[in-house]
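Engineer: Provide a 3D model corresponding to the input given below.
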Amino acid sequence: MSWLFFMDESGHDHRTMPYEVRGGIVLHASKLWPFIQDWRRLELDAYGTELSEFRKEIKGCKLMDKDRMRWAKQGPVMPDEERRKLTRAFLTKGLQQIQPKKDEFTSYGQACNRMSEGIFELLVEHSAQLFACAIPQKAHRPDEFVLDQYLRKDHVFLFERFFYFLEEKNEDGLIVMDESEKHEDRKFVRRLYNYFQKTGTGRYRSIKIVPVPFFVASDMALPVQAADLCIYCINWAYRIPKQGMRATERLDVKDIAGKWIDKLQYHGEAYKDGSTFKMHGIVFVPDPYESRK
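Structural biologist: Residues are numbered from 1 along each chain as shown. Alright, predicted model coming up:
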C-alpha cells in the first residue's frame, strides 16, 4: 500500500506570515479511514457538533487566531459538557448574526484549543510524518532566473525528503494537494512534471513518488485540514537558527504546537557520493533561487 502526502501552503500571500512554507503530513493508506473516524469523534468532543453544519472548516489561521486563544483564557477551564453546550450556542448565534455572550466566547476559544491539541495527538497516534520547506517571506525571483519551469530549490528538497522516507519504508507515495487558483495549480503541476521527467534525479525519484498530484477541496478532505494546521504552526512556532531561520515566534502557538512538531517531524538518513548523513523533514532555504553549492 501507499503513503499519501497531504500538502498545503502558508504565507504565500506575502502579507502577515514570517515565511512562505509548503508541505504537510504523510499518512499511510491503511491509517486514513481510522484517522478520519477519530477526527469526527474529536470534533464532537471538542465542539459538541460537526463544524460543517455551520459552514466552517478547520484552518490553522482560525484555530490559532489570537482572539480565539485570548477568549480561551478569559475564564477557567470548563467541564466538557458545559463547553460543548456553550460552543453550540456560540456557533448557532453566528449563523443567526447574534452577538454571543462572554462565556460562549470563552467556550469556543477553549474548544478550538482542544481541537488543535487533539489533531496533533491523532497524527502521532496514526504514525503521521511531517515534511515542510520554508523560505523567507521577502524572497523574490531574480529577473535573470531562467529555471522557472522547474521546481524551485526548496520544493526539490521537500520531495527529496519524502523520497528518502519512502525508500526507508520500501513503499510508494501519492501527492494530495489543496486546490487553490487553477492557474497557480497548473504551474506547479508543470514544474513537478519537468522535474520528475526531465532531470536525472527527478526520474530516479519517480520510482517511489507518483509525480501527478491529486487536487481536493480542503473542506472535503480532513487530512488536508490537518496539514494546514501543521504548516501554519511551523510558520509561527518552529525555527532553525543555525540555518538563518530566526523570525519572531508566536509563543501562544508554540505553547500548543511546539512539542508536537518535534514529535511529528521526519528524522532519517540520506546518502550521497558514498556517504550517509542525517536528514530532517523540515528544511529552511534562505535563497531558493541560489545555485546549490
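
Engineer: wait, is residue 85 part of a strand?
Structural biologist: No. Counting by DSSP: H, G, I helix; E, B strand; the rest coil, residue 85 is not part of a strand but helix.

Engineer: Nearest residue to it in space, please, no chain neighbours.
Structural biologist: Leaving aside its sequence neighbours, residue 85 sits nearest to residue 48 (CB to CB, 6 or more residues apart in numbering; 6.6 Å). Just so you know, the C-beta spots here come from the backbone N, C-alpha and C atoms, and that holds for glycine as well.

Engineer: The one you found - how many residues pack around it?
Structural biologist: 19 (other CB atoms under 10 Å).

Engineer: I'd like to know how far it sits from residue 170.
Structural biologist: Relative to residue 170, residue 48 is positioned 43 Å away (CB to CB, to the nearest Å).

Engineer: How about residue 35?
Structural biologist: 22 Å.

Engineer: who's more crowded, those two?
Structural biologist: residue 35 (21 against 7).

Engineer: what about that one, which helix or strand?
Structural biologist: Per DSSP states H and E: residue 35 is located in helix 29-47.

Engineer: Show the subsequent helix or strand relative to that helix.
Structural biologist: Tracing the chain past helix 29-47, the next element assigned as helix or strand by DSSP H and E is helix 60-63.

Engineer: ok, now how distant is residue 96 from residue 88?
Structural biologist: 12 Å.

Engineer: Can you show me the helices along this protein?
Structural biologist: For the chain, the helices defined by DSSP state H cover 29-47, 60-63, 66-72, 80-96, 102-125, 153-169, 182-198, 200-205, 222-237, 251-264.

Engineer: Could you list the low-pLDDT ranges of this protein?
Structural biologist: For the chain, the stretches with pLDDT under 70 are 142-147, 291-293.

Engineer: Break it down into its domains, please.
Structural biologist: 3-42+129-284, 45-120 (automatic domain parsing).

Engineer: Kindly check the end-to-end length of the last one for me.
Structural biologist: Taking CA to CA, to the nearest Å, domain 45-120 runs 15 Å from one end to the other.

Engineer: Please shift the residue numbers so they start at 352 in all later answers.
Structural biologist: Right, with 352 as the first residue, what we last looked at is domain 396-471.

Engineer: Next, the contact list for residue 356, please.
Structural biologist: Each residue near residue 356 by CB atoms under 8 Å, 6 or more residues apart in numbering is listed here: 375-377, 482, 513, 524-527.

Engineer: same deal with residue 502?
Structural biologist: Counted by CB under 8 Å, 6+ apart, residue 502 has contacts 510, 542-543, 545-546.

Engineer: can you do 10 Å?
Structural biologist: By CB atoms under 10 Å, 6 or more residues apart in numbering, residue 502 lies in contact with 508-510, 539, 541-547, 550, 553, 639.

Engineer: Residue 399 too?
Structural biologist: 431-432, 434-440, 442, 458, 462.

Engineer: What subset of those is buried?
Structural biologist: 434-435, 437-440, 442, 458, 462 (16 or more other CB atoms under 10 Å).

Engineer: Count the residues that sit near residue 535.
Structural biologist: When neighbours are defined as other CB under 10 Å, residue 535 has 12 of them.

Engineer: just to revisit the earlier point, what's the closest of the contacts of residue 502 to residue 628?
Structural biologist: residue 508 (13.5 Å; CB to CB).

Engineer: Looking at strand pairing, list the partners for the nearest residue to the closest one once chain neighbours are set aside.
Structural biologist: In space, and not counting its chain neighbours, residue 508 is closest to residue 634: 4.8 Å by CB to CB, 6+ apart. In this entry, residue 634 is beta-bridged to residue 484, by DSSP bridges.

Engineer: And for residue 634, the neighbour number?
Structural biologist: Residues near residue 634, counting by other CB under 10 Å: 21.
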